[in-house]
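1. with the sequence up front, the predicted model follows.
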Amino acid sequence: MAQNAHRDDTLKIRVDRPTFELMETARNYLHLDKSKFIRESIREKAEAVIAEHGRTRFTAEDWESFFAAFDEPAKPTARMINAVKKYRDIIGGS
């Protein structure tokens with residue numbers, strides 16, 4: 001993603017008084033101007049949302065299946081066995 005802001009990339013928003021005062025208090029603690037505070041806040045929230053949606057979620061049944069595959073792995077198929085033979089032929093292994 002491009003991180004260079006263009007003059008055209010503007011955002012006009014309206015906020016209620018309590019939200020505005022909350023933002024003012026927070027940005028003053030951080031010694032940031034309004035634009036920088038809003039940009040950083042939007043970026044943090046956007047990254048958190050993207051990270052949350054990028055996670056894989058497993059049910060209890062999914063976890064049971066996952067660990068069961070370690071306890072009782074599937075038998076290799078003929079295709080898998082042939083692939084290993086070809087690989088060993090290529091690298092000269094036994």
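-> Thanks, I have the structure now.
2. rest of the way, CA atoms for contacts and neighbours
-> Noted.
3. on the three-state scheme, Pro76 is what?
-> Secondary structure assignment for Pro76 (DSSP: H, G, I helix; E, B strand; the rest coil): coil.
4. pull the number of nearby residues for it.
-> Pro76 has 9 neighbouring residues, counting by other Cα atoms under 10 Å.
5. repeat that for Ser65.
-> The burial count for Ser65: 12, using other Cα under 10 Å.
6. what's the answer for Ile38, then?
-> 14.
7. kindly report the same for Ile42.
-> Ile42, neighbours per other Cα under 10 Å, totals 12.
8. which secondary structure element of this structure has the lowest mean pLDDT?
-> helix 60-71 (a mean of 92; mean pLDDT, DSSP states H and E).
9. secondary structure class for Ser35?
-> Assignment for Ser35 (three-state DSSP): helix.
10. which residues touch it?
-> Not one residue lies near Ser35 by Cα atoms under 8 Å, 6 or more residues apart in numbering.
11. list the buried residues for stretch 22-37?
-> 23-24, 27, 37 (16 or more other Cα atoms under 10 Å).
12. what mean pLDDT does it get?
-> For stretch 22-37, the mean per-residue pLDDT is 96.
13. roughly how far does the residue most central in space within the chain sit from Arg43?
-> Against the mean C-alpha coordinate of the chain, by Cα atoms, centre = their mean, the closest residue is Ala51 at 3.1 Å. Distance check for Ala51 against Arg43: by Cα to Cα, to the nearest Å, it reads 12 Å.
14. okay, and the common contacts of those two?
-> With Cα under 8 Å, 6+ apart as the test, Ala51 and Arg43 reach no residue in common.
15. which one among the buried residues of stretch 22-37 gets closest to Asp71?
-> Closest to Asp71 out of those is Phe37 (51.3 Å), distances taken as Cα to Cα.
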